[in-house]
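Novice: Structure here, sequence nowhere to be found:
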């Protein structure tokens, strides 16, 4: 992997938030936070519970508008853009509590995500054509099957997601996000609920997505060994304020991070810290 | 003026008792009780039976009907039904309570007699004594009503604030899950709450009967007032609910001083006050918070974590969660089921004659209306309770355009349906930011407003006869009409199935299960919901128009909002998401009462409605309805037979394999990233 600090310096970020502030009444959940997510890089966002990570995710994905600050995608201001519009631009996300479609099968999740990203304005054509009675085209089948296979979901492809375990549900949500062909993927605690084998598997998927396909990742994760092992850059939030940013080595050595979050031990050895 | 205030305080007291009963059951068990009016009617009818038919005096009759029978009815309903609903989806909760509301009135009529009751006594001995206070008169009934609400508030506050039971109830209101983890049995508390709430329903019903009338409609108006107070209090605050209810009662009586006496306009305005209160408060809340959702009204973080999203709990309950489901796209052999059912129905116009053939035509028109529920609730997951109003627009519009303006009747049906579509789109846009329960309440309000303000205008009502409308020449025979209605049903059914199996259908399902998930996937929730709203309104109006053509007239009272709730109960019983269910439900809805009327004693005339209500109650155990259950059983049977023939079992889904495949080898994945 190339030196991330050099790459960040010379490239326009795919996703950027500047001075974002979110207030809930008198509580400042996110206080003037700025983060850049460069192309083909994995950026980590860590902090204790209540630090404002998920709130910032909501702002980035368009589910919540900030009280102040801006969000840019490829240099264009999308601060007031809807979640739907951002998804169309190439922004995908997963949730801390997976937001899946319980009655749909695993395959249908992928089909829907794939079609949403590749075809536009289907509502009226669906109404007046008999498309619902025709089989899906071969190209679509190949792509969907390939992604299912990639995440080893083929065996459960025809099962409704409501019947799956939390770990499998999280894998489906990740697969659904990847099926939209995202430019930026926001991952909210992707390893939560996964066993070690599944965790290794998704880490490898993230690495491949970044290296081979140029996807940018913003990763919220409590498992510090994953964050420090995978990310090019890490931002640390505490009570809504960004207290540190830098490479994993810089974060390990940052005294403010140690004091506020990681403690005195080596964070890589700490594993699950929250 | 003071006389109006006294009357208003009495009316407000009755509203407040009703609203208290509604709010405690909602906050303590998460169920908004759409059966409250029917419970009030059942117990008030029991009181009337003891007092007026059996000659008991007021005190023992009240003791038995309100203090004993009320809690007993509440306990029975809780044990049979409501205890199963805490984790059910909003749809199942609403439909189940609507089932109870449909079943209880005919049960009361079967038990206590079918007499028409013109005047009903209250709790005061008759003749009712009248007092003069500050120069204005107040009846003993009014004073008793005020005394009752004072007693309810004082006793309720004392129990909630000073006793251990009150502490447990308050804990459960905040978070049932954490309360149960503390060793408190939430079921026992809920049981107690339902018993008290049902007694309050009985008390409100008995107090309201002298002024509102001892009819299901009168008690429904009482419930609507309770709902209005509940919405104003955002489904949570008991003191706010009581205060708004009192204010609404006083307003209702005080404004009469400035309204014309014995005017239909006065009557319409007074009966619309709860609807206006709901509308005003929702507009205020939306203006401040952009979104009004009932999810934040009850429970804590743990409760929200275990609360079902979309239809997840219903899927798990229906047993489909462990099944491998058939492909939703492309051709499937399971699509033959509805085809076979429709083919069999197509034989009926040949086999039936006379009265039964007329009923069949009516039933097929209802089948079309039922498809609108399939669309809006089954596909869209939007709990709309005003489909009958769209059917009314279709029927009344057809009659007006065809008879008054001389238009071709079929063109009149289509144009009326387009008018209904516009109404549907407007309501869809207005309710887009509301939670499921609020959507149900708003659409119920719209229906009630349309009933009282629009459909009862004499231009449409014609002293109860409605406007006559003639069928086109080629549909004069009932057989021809039945085939025409079936053809319309088939065309609409194909459109609905095509939509369900298309990408739009997948998107609709996605929105139904998780709006945040759908929005961040790039789906337009607004477009999808408006699409469903418009199509469903159009279908309902087409069905309403066909119904008017079949009956040769458009009588507005045949399309009241609460009639629509019975229609919904019928369809849900058979199956909400099934085309075969829609046609079977339509036919059953007309043929079953026909069978009872023709072959059984007149006293059994209410039994079909009772059965439809009980059927909807069973949806709590079987969310998909009978047709889906039967279809699933058949599918399982077919799968077993096929499995035996293959001689090998189906491999169960195993754990994820360790090796990493080409996870991101999806062609085109680099398209956006690389642009």
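Specialist: Received the coordinates, thanks. Just so it is clear, the model here is predicted, and its values are computed rather than measured.

Novice: low-confidence ranges in the chain?
Specialist: I went with chain A, as the question did not name one. Across chain A, the ranges flagged by pLDDT under 70 are A:1-11, A:120-124, A:128, A:130-136, A:260-274.

Novice: wrong one, I was asking about chain B
Specialist: B:173-177, B:289-334, B:620-621, B:623-624, B:646-675.

Novice: Break down it into its strands, ranges please.
Specialist: Applying DSSP state E to chain B gives strands spanning B:130-133, B:136-139, B:467-468, B:553-554.

Novice: Check the gap between the nearest residue to residue B:62 once chain neighbours are set aside and residue B:53 for me.
Specialist: In space, residue B:62 comes closest to residue B:123 once its chain neighbours are excluded; the distance is 5.9 Å by Cβ to Cβ, 6 or more residues apart in numbering or on different chains. In this view, the C-beta of every residue, glycine as well, is placed from N, C-alpha and C. Distance from residue B:123 to residue B:53, counting by Cβ to Cβ, to the nearest Å: 17 Å.

Novice: of those two, who's got more company?
Specialist: Set residue B:123 next to residue B:53 and count neighbours by other Cβ atoms under 10 Å in any protein chain shown: residue B:123 wins out with 23 against 12.

Novice: give the contact list for the more buried one.
Specialist: B:58, B:62, B:141, B:144, B:206, B:207 (Cβ atoms under 8 Å, 6 or more residues apart in numbering or on different chains).

Novice: Could you check how many residues crowd around the closest residue to chain A within the stretch 51-200 of chain B?
Specialist: Going by Cβ to the nearest Cβ, chain A is nearest to residue B:89 of the stretch 51-200 of chain B, at 10.4 Å. Residues lying near residue B:89 (other Cβ under 10 Å) number 24.

Novice: same deal with residue B:197?
Specialist: Using other Cβ under 10 Å, residue B:197 has 26 neighbouring residues.

Novice: ok, now the one 3 residues further on?
Specialist: Other residues near residue B:200 come to 30 when the count uses other Cβ under 10 Å.

Novice: Settle this for me: it is touching residue B:152, isn't it.
Specialist: Yes. Using Cβ atoms under 8 Å, residue B:200 is in contact with residue B:152, at 6.9 Å.

Novice: So for the two, which residues contact both of them?
Specialist: In contact with both residue B:200 and residue B:152: B:17, B:20, using Cβ under 8 Å, 6+ apart.

Novice: follow-up on the earlier one: okay, and which of the contacts of residue B:123 map to helices?
Specialist: Among the contacts of residue B:123, the subset assigned to helices under DSSP state H consists of B:58, B:62, B:141, B:144, B:206, B:207.

Novice: Which one of the contacts of residue B:123 sits in the busiest neighbourhood?
Specialist: If you rank the contacts of residue B:123 by neighbour count (other Cβ under 10 Å), residue B:206 sits at the top with 32 neighbours.

Novice: ok, that one - contacts?
Specialist: Per Cβ under 8 Å, 6+ apart, neighbours of residue B:206: B:43, B:44, B:47, B:62, B:65, B:66, B:122, B:123.

Novice: Pull the number of nearby residues for the residue in the stretch 351-500 of chain B that chain A sits nearest to.
Specialist: In the stretch 351-500 of chain B, the residue that lies nearest chain A is residue B:498 (3.9 Å; Cβ to the nearest Cβ). By the other Cβ under 10 Å criterion, the neighbourhood of residue B:498 contains 20 residues.

Novice: looking at it, it is touching residue B:379, isn't it?
Specialist: No. Look at residue B:498 against residue B:379 with Cβ under 8 Å: they stay out of range, at 11.7 Å.

Novice: Point me to the helix or strand that includes residue A:217.
Specialist: Element membership for residue A:217 (DSSP states H and E) is strand A:216-220.

Novice: So what touches that strand?
Specialist: A:14-15, A:35, A:37-46, A:53-54, A:57, A:60, A:96, A:183-190, A:206, A:209-210, A:226-227, A:230-231, B:673.
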